[in-house]
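Chemist: sequence first, then the predicted structure:
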Amino acid sequence: MQKLLVVFGSAVLWGCATSNGADPLPPVANPVPQTISPACQAAEYRQFDFWIGNWEVIVAGEKKAGDNLIEVVNNGCALMESYATQTGYRGHSFNIYDATRQLWHQSWVDNSGLLLTIEGGIVDGSMVMTGTRTRKTPQGEVLDRISWTPLDDGSVRQVWEISGDDGASWKPIFDGNYRRRN
């Protein structure tokens, strides 16, 4: 019995010493999976791979907007985005190629309660996705269009535009440059 108490006590002490009160999670930051699921081996699943990485997001020349980590998840079947700013804004997205409909889909949610669902594909070398969301104002619906363009220096330019007139005109609300962290 005494030996059992020593083993149990040692396990409890080890658990307290190695835990900060949070459940340990396995590391997920592997940008390239060791094995790609057979269901996700088509070339279309790799079209958005230029966005994979650990990025510093810059706007208006040299002003830092935030940090963004884009990871391959689910054995190459999806990309997961984790965005954060120094002011506490946080957002996450899942991006997947939908082979059934032959298009890319993104679902974004942030800590302001915004849900954004956009879809599209490669247009002239850029990933371009659009979607409709309902505003909390009398103006009704707004169209969102976001494009990601890989640049020659290895960075990625993201432009987010909105339209309140069914796409007749577009207004940019975000224009950022993703620079790789070393």
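Modeler: Yep, it's here. Numbers count the residues shown, from 1 in each chain.
Chemist: spit out the contact partners of residue 120.
Modeler: Applying CB atoms under 8 Å, 6 or more residues apart in numbering, we find residue 120 in contact with 103-104, 127-130. (C-beta placed from N, C-alpha, C; glycine too.)
Chemist: next one: residue 94
Modeler: Applying CB under 8 Å, 6+ apart, the residues near residue 94 are 73, 78-81, 106-107.
Chemist: confidence score at it?
Modeler: On the pLDDT scale, residue 94 is placed at 98.
Chemist: can you mark which positions in the helix or strand that contains it are buried?
Modeler: Per DSSP states H and E, residue 94 falls inside strand 90-98. Within strand 90-98, the residues scored as buried using 16 or more other CB atoms under 10 Å are 91, 93, 95-97.
Chemist: show me where pLDDT drops low in the protein?
Modeler: In the predicted model of the chain, residues 1-34, 135-138 satisfy pLDDT under 70.
Chemist: leaving out sequence neighbours, find the closest residue to the residue most central in space within the chain.
Modeler: In the chain, the C-alpha nearest the mean C-alpha coordinate belongs to residue 81, at 1.6 Å (CA atoms, centre = their mean). Using CB to CB, 6 or more residues apart in numbering and skipping the chain neighbours, the partner closest in space to residue 81 is residue 93 (4.2 Å).
Chemist: what of residue 157?
Modeler: residue 149 (4.7 Å).
Chemist: I'd say the one you found and residue 122 touch.
Modeler: No - judged on CB atoms under 8 Å, residue 149 makes no contact with residue 122 at a distance of 10.5 Å.
Chemist: of these two, who's got more company?
Modeler: The neighbour comparison of residue 149 against residue 122 (other CB atoms under 10 Å) goes to residue 149, with 17 against 13.
Chemist: fine by me, we can end here.
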